[in-house]
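> Need the 3D shape of this:
(one chain, ligands or ions: 2)
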Amino acid sequence: MLTVETRHAIHPEHAKGMDTTALREHFLGEGLFAEGEIRMIYTHYDRFVLGAAVPAGGSLTLEKIEETKTATFLERREMGVVNIGGSGKVEADGTTYEMERGDVLYLGMGTGAVTFSGQGRFYLASAPAHRACPSTLVAVADAKEVKLGAPETSNKRTIRQFIHPDVIDSCQLTLGYTSLEDGSVWNTIPSHIHDRRMEAYLYWGMEDESRVLHLMGDPQETRHLFVANEQAVISPSWSVHSGAGIGEYTFIWAMAGDNKDFTDMDFIQPGDMR
Ligand SMILES: O=C(O)C(=O)C[C@H](O)C(=O)CO
Ligand SMILES: [Zn+2]
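Ligands and ions are numbered 1, 2, ... in the order given. This next block holds a predicted model:
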């Protein structure tokens, strides 16, 4: 089964007046990972699509979605696939990619139908593309590692960059994930925005009862979302995206927009946030 939900772009002035239910309705992705299903969210933020495929031992094929009005989903798009489950396979364009937990697969524009199988839990992130870059499997060991933060500021973390100019080519998609060290709770502190790019976070590797308090909103009008395992947050270009978690957590960040410069961020120090 394939289901697609549409999320329209929200103006920051509109977001200021939202209550908790409305904030969750517009910015949180809940229930994306369902056994035997592909579930997707088509956003109007840079036409970024996020989703999940959980074949649960069977197989699932992503061929097309009505929203793009193209013959296949990847006809004019590129996509990142992250396996956050057990061993699984992805077949695309006549090639079978074996994916272990944490591996990332980049699929270039024009790839055609994509079939997911095995015990993988596949997170999907896709953006429009203008040229075909080579499809590439990037194992955890091949990612670029960046260490950030310190125990004194409770934000010591490892950023692993997979779909990133220093690792593989892509059109506009960048993707990787960040894991917190034991005892550190804060991600992406100091907070930042990047008006040039939207971003989506998928929190994973969490206990069922754990939660991340995700900060979003205009830096002068912050709001929060309590986020559980395997839930996603859509971050418009005007919104900060930081969080503090109870228990272990990792989050996949994926971005689309005008540049692929990971370090292009406008920082806002905690003292300047409201
Ligand atoms: O821990 C971090 O800091 C991040 O992972 C930053 C995000 O990837 C991000 O927001 C990039 O723009
Ligand atoms: Zn960011």
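
> what does the chain have sitting close to ligand 1?
148, 157, 159, 178, 187, 188, 194, 199, 241, 253, 265 (C-beta under 6 Å from any ligand atom). Glycine gets a C-beta too; all of them are placed from N, C-alpha and C.

> Tell me the buried residues within the residues you listed.
For the residues of the chain next to ligand 1, a burial check counting by 16 or more other C-beta atoms under 10 Å picks out 157, 159, 178, 187, 188, 194, 199, 241, 253.

> In this structure the fifth one contacts residue 245, no?
No: counting by C-beta atoms under 8 Å, no contact exists between residue 188 and residue 245, whose distance comes to 11.6 Å.

> list the contacts for the closest residue in space to residue 216 that isn't next to it in sequence?
Leaving out its chain neighbours, the residue that sits closest to residue 216 by C-beta to C-beta, 6 or more residues apart in numbering is residue 239, at 4.9 Å. When contacts are counted by C-beta atoms under 8 Å, 6 or more residues apart in numbering, residue 239 touches 12, 15, 27, 193, 216, 217, 218.

> Pick out whichever of these sits closest to residue 45.
Nearest to residue 45 out of the contacts of residue 239 is residue 27 (C-beta to C-beta; 10.2 Å).

> Number of residues surrounding the nearest residue to residue 245 once chain neighbours are set aside?
The spatially closest residue to residue 245, leaving aside those adjacent along the chain, is residue 212, at 4.1 Å (C-beta to C-beta, 6+ apart). Residue 212 sits with 27 neighbouring residues when counted by other C-beta atoms under 10 Å.

> ok now do residue 212, which residues does it touch?
187, 203, 206, 226, 227, 243, 244, 245, 246, 249, 251.

> Let me see the backbone angles for the residue of the stretch 1-150 of the chain found nearest ligand 1.
Closest approach between the stretch 1-150 of the chain and ligand 1, counting by C-beta to the nearest ligand atom: residue 148, at 5.8 Å. With angles defined as degrees, to the nearest 10, residue 148 sits at phi -140, psi 160.

> List the beta-bridge partners for the residue nearest to residue 245.
Here residue 212 sits in beta bridges with residue 227, residue 245, going by DSSP bridges.

> State the distance from it to residue 206.
As defined by C-beta to C-beta, to the nearest Å, residue 212 lies at a distance of 7 Å from residue 206.

> okay, and the common contacts of those two?
Taking C-beta under 8 Å, 6+ apart as the contact rule, residue 212 and residue 206 both touch 245, 249.

> SS state for residue 171?
coil (DSSP: H, G, I helix; E, B strand; the rest coil).

> That one touches residue 110, doesn't it?
No: applying C-beta under 8 Å, one finds residue 171 not in contact with residue 110, separated by 11.7 Å.

> quick one, strands of the stretch 51-200 of the chain?
Remark: strands assigned in the stretch 51-200 of the chain by DSSP state E, counting those that start in this stretch are 59-62, 77-83, 88-92, 95-99, 104-107, 114-118, 122-128, 136-138, 144-148, 157-163, 174-180, 186-187, 191-193, 197-204.

> neighbouring contacts of the first one?
For strand 59-62, the surrounding residues in contact (C-beta under 8 Å, 6+ apart) are 2, 36-38, 53-54, 73, 113-117, 124.

> Report the buried residues of it.
Applying 16+ other C-beta under 10 Å to strand 59-62 flags 60, 62 as buried.

> Give the rounded mean pLDDT of it.
Throughout strand 59-62, pLDDT has a mean value of 98.

> Can you list the strands that it pairs with?
strand 114-118 (antiparallel).

> Extract the C-alpha trace of the strand it pairs with and format it as PDB.
The C-alpha trace of strand 114-118 is given here as PDB (Å, rounded to 0.1, in the frame of the first residue of the first chain):
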ATOM      1  CA  VAL A 114      12.500   1.100  -6.700                       C
ATOM      2  CA  THR A 115      11.800  -2.100  -4.800                       C
ATOM      3  CA  PHE A 116      12.400  -2.500  -1.100                       C
ATOM      4  CA  SER A 117      12.600  -6.000   0.600                       C
ATOM      5  CA  GLY A 118      13.900  -7.800   3.700                       C
END
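
> Pull the residues that contact that strand.
Against strand 114-118 from outside (C-beta under 8 Å, 6+ apart): 38, 53, 55, 57-63, 73-74, 79, 81, 86-92, 107, 122.
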